[in-house]
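> Dropping a prediction and its sequence here:
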Amino acid sequence: MRNFLIATLLLIAIVPLQAQQDLSVVEKYASSINAEDAKRHLTILASDWMAGRETGEQGQKMAAAYIADQFKHFSLKPVVKEGNEYSYYQKFDLEKRAWKEVYLSVGGQKKKFLEDFYLYGDFDVPTEEKSELVFAGYGIDAPNYSDYKNAHGKSLMDIQGKTVIIFPGEPFKDSVSYVTKSKATSVWANDWRKKASTARDLGAKHVIVIVGKTDSDFKSRLNMLKPHLEQPTLCFTHKERTSSAIFVPVSLAAQLLGKTTEELIQLRDERAEAMAAHKSFKKTIMPLDFALKVEVSKTRISTENILGLIEGTDKKDEIVVLTAHYDHIGKEGNKIYYGADDDGSGTTALLELAEAFSMAAREGYKPKRSILIMPVTAEEKGLMGSEYYTDKPVFPLSKTVADLNIDMIGRLDSVHANNPDYVYIIGSNRLSTQLHQISEQANKNSVNIQLDYRFNSFDDPNRFYFRSDHYNFAKNNIPVIFYFNGVHADYHKPTDTVDKINFEKLTKITKLVFYTAWDLANREDRIVVDVHE
């Protein structure tokens, strides 16, 4: 009994000591992340030479070469097989489609592109194409509520080869969501891609998404997006994206269905109530003749993700992924869109993390799990680099533990104008409560800055959870954290330059990512997915 007591006391004494030793090791390598090195990397990535890092252009290729050279210098392992060799480049082709003649025809009347409606995604309709219109309410297909199926999973409507019209958001009654059965919103509330993909997967030819609650909402959204929408769109060559959609104001949707705006909104609400009760719903809808033409010119371009591996030890088949996008939006005439914050800052953070983890590995502190450091391309074109990776992963997604994604961490937004010690944390609790707890503890153990969760809400109107590369991992049920400083006056402007970057802030957030990744890679048990959206 005495020996057992002594052994127990020794164990109690050793555990805190071991924890302190582990923390001191992490601190040692985290200290290699510094503002001077970060500024050196970012000054190159956001230089005139890189010309805004436009996907497929020379500046993006130069940035890729610089990153790969740094990975080689840090002794990261190349993992993409090319013949008998291994490369840092995961190469793929995209098709650039420039708009030519684009219009909708409603009852024989043409509607103007980028005035009456806009498009997002893969479209190639070289000759006018007619299709039947179907109204599908909110376009949701969830366990508690479906616009397409009854309680027994039987189809309620035929949408095969038809164009489906859907509302944004999700239905509520007395402040309770039909989808969640609570006052909380669901992932369907702000994810038009999920709705469009669902309709296309069920056989729809096209999907029309209503924008906002009023025509003014549509105009505001269009005016904000128009400079981007006027540019050529990029499409995959290995697949057609199912998340393509046509966006219209509510008045045009009502016209398409032969209703007034007020009648269509009433129809939506009555239909939602019937769907929630699993009752049949039959109302006369007399859609007008509908046709679409999207004529485009096509050019093939190539681009690449950059993959470098810190190989683990006894759990090396499990992968912790660190991402940031290294592309930006290029040039407009002689104006360079430098993208120092978006996302030169995140790419710089990855280079600092690569150096810190490689230094630890060289000195005998290899992680248990492997760490994949992956700057991705074509984020500005619709998260395409990360989507390509999750379509064609080098390491199985089933073995991928988490993705920590860094997108814009070098500036301050107006909310925190007087407090640089913050970061927005998005997604940490969406799939794994453990990941959220690890993130909170990592912050306490390291930089101890403000973790702001305001954009983590399901009803965040900015939809930031869906707007960076972590989302392609999240939709594959892989836990994620998105580190973000919020938007600022220079967002997507030529004035997003290196001289405006707060490097102390950038390195603090990078250290937070380092501590979090270290925990994920070295803990005994893999974190579990225990939250299901």
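Thanks, I have the structure now. Residues are numbered from 1 along each chain as shown.

> Which pLDDT value goes with Ala19?
Note on Ala19: pLDDT of 48.

> Check the one 4 residues further on too.
At Leu23, the predicted lDDT confidence score is 80.

> With Asp519 as the reference, measure out to it.
Going from Leu23 to Asp519 by Cβ to Cβ, to the nearest Å gives 10 Å. C-beta: built from backbone N, CA, C; applies to glycine.

> Let's check: the centremost residue of the protein is which one?
Ser468 (2.9 Å; Cα atoms, centre = their mean).

> That one: which element?
For Ser468, there is no enclosing helix or strand under DSSP states H and E.

> For it, which residues are in contact?
Residues near Ser468 by Cβ atoms under 8 Å, 6 or more residues apart in numbering: 325, 379, 383, 405, 407, 482, 484.

> cool, Ser428 as well?
435-436, 439, 456, 480-481.

> For those, please prepare JSON lines with the additional fields pLDDT and neighbour count.
Converted to JSON lines, the contacts of Ser428 look like this (pLDDT from 0 to 100; neighbours: other Cβ atoms under 10 Å):
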{"residue": "Leu435", "pLDDT": "98", "neighbour count": "27"}
{"residue": "His436", "pLDDT": "98", "neighbour count": "22"}
{"residue": "Ser439", "pLDDT": "98", "neighbour count": "22"}
{"residue": "Asn456", "pLDDT": "96", "neighbour count": "20"}
{"residue": "Val480", "pLDDT": "98", "neighbour count": "27"}
{"residue": "Ile481", "pLDDT": "98", "neighbour count": "30"}
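
> that older thread, which of the contacts of Ser468 sits closest to Lys219?
For those, the residue nearest Lys219 by Cβ to Cβ is Leu383; the value is 25.9 Å.

> Look at the closest one and say how many residues are nearby.
21 (other Cβ atoms under 10 Å).

> try Tyr424
By other Cβ under 10 Å, neighbour count at Tyr424 equals 22.

> out of everything not next to it in sequence, what's closest to the residue nearest to the centre of the chain?
Asp407 (4.3 Å; Cβ to Cβ, 6 or more residues apart in numbering).

> try Tyr338
Ala46 (4.4 Å).

> Let me know the pLDDT of that neighbour.
98.

> How about Lys279?
Per the predicted model, pLDDT is 85 at Lys279.

> same check, this time on Ile285
So, for Ile285, pLDDT stands at 88.

> likewise the one 3 residues further on?
Turning to Leu288, the model gives it a pLDDT of 93.

> element containing it, please.
Using DSSP H and E, Leu288 falls outside every helix and strand.

> For the residue nearest to it when sequence neighbours are not counted, give me its contacts.
Spatially, and ignoring its direct neighbours in sequence, Leu288 is nearest to Gly107 (3.9 Å; Cβ to Cβ, 6+ apart). The contact partners of Gly107, by Cβ under 8 Å, 6+ apart, come to 255, 288-289.

> Just put the residues you listed in CSV and tack on distance to Asp530 and neighbour count.
Below are the contacts of Gly107 laid out as CSV (distance: Cβ to Cβ, whole Å; neighbours: other Cβ atoms under 10 Å):
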residue, distance to Asp530, neighbour count
Gln255, 46, 20
Leu288, 48, 14
Asp289, 50, 14
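
> Tyr178 and Ser186 touch, don't they?
No - using Cβ atoms under 8 Å, Tyr178 is not in contact with Ser186, being 9.5 Å away.

> Quick check: neighbours shared by the two?
Glu170.

> picking that back up, between Leu23 and Asp519, which is the more surrounded one?
The neighbour count for Leu23 versus Asp519, taken as other Cβ under 10 Å, is higher for Asp519 (20 against 14).

> Touching, that one and Glu440? I think so.
No - at 11.1 Å, Asp519 does not count as touching Glu440 under the criterion of Cβ under 8 Å.

> Show me the strands in the stretch 201-350 of the chain, by range?
Assigned by DSSP state E, counting those that start in this stretch, the stretch 201-350 of the chain shows strands spanning 206-210, 233-236, 245-248, 290-306, 308-310, 315-325, 331-332, 335-336.

> Tell me which of these lies nearest to Ser414.
The nearest among those, by Cβ to Cβ, is strand 315-325 at 23.5 Å.

> which helices and strands sit right next to the closest one?
Strand 315-325 sits against helix 346-362, strand 369-376, helix 384-391, strand 400-406, helix 470-474, helix 503-522, with contacts defined as 3 or more Cβ pairs under 8 Å, 6 or more residues apart in numbering; DSSP states H and E.

> how does it look with 6 Å?
helix 346-362, strand 369-376, strand 400-406, helix 503-522 (3 or more Cβ pairs under 6 Å, 6 or more residues apart in numbering; DSSP states H and E).

> JSON lines please, covering these and showing mean pLDDT.
Formatted as JSON lines, the helices and strands packed on strand 315-325 follow (pLDDT from 0 to 100):
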{"stretch": "helix 346-362", "mean pLDDT": "98"}
{"stretch": "strand 369-376", "mean pLDDT": "99"}
{"stretch": "strand 400-406", "mean pLDDT": "99"}
{"stretch": "helix 503-522", "mean pLDDT": "98"}
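
> These: which one's closest to Ser243?
Across the helices and strands packed on strand 315-325, Ser243 has its closest neighbour in strand 369-376 (17.7 Å, Cβ to Cβ).

> and that closest one with strand 315-325, angle?
20 degrees (axes from the mean of the first three to the mean of the last three Cα atoms, to 10 degrees).

> contacts for strand 369-376?
Contact with strand 369-376 is made by 67, 305-312, 315-316, 318-326, 347, 350, 354, 357, 385-386, 469, 521, as judged by Cβ atoms under 6 Å, 6 or more residues apart in numbering.

> ok, now with 7 Å
67, 76, 305-312, 315-316, 318-326, 347, 350, 353-354, 357, 385-386, 389, 395, 401, 469, 517, 521 (Cβ atoms under 7 Å, 6 or more residues apart in numbering).

> now it, how far from the chain's geometric center?
16 Å (Cα atoms, centre = their mean, to the nearest Å).

> picking up where we left off before, out of the contacts of Ser428, flag the one nearest to Pro126.
Val480 (38.6 Å).

> Next, work out how far apart the closest one and Glu240 are.
26 Å.

> show me where pLDDT drops low in the stretch 401-533 of the chain?
For the stretch 401-533 of the chain, the stretches flagged by pLDDT under 70 are 533.

> ok, 80 please
Along the stretch 401-533 of the chain, the parts satisfying pLDDT under 80 run over 532-533.

> now the strands: where do they sit in it?
422-426, 450-452, 480-484.

> most tightly surrounded among those?
For the strands of the stretch 401-533 of the chain, average neighbour numbers computed from mean count of other Cβ atoms under 10 Å are highest in strand 480-484, which has a mean of 28.

> Skip the chain neighbours and tell me the closest residue to Lys181.
Distances taken as Cβ to Cβ, 6+ apart put Asn144 closest to Lys181, at 5.7 Å, once the chain neighbours are dropped.
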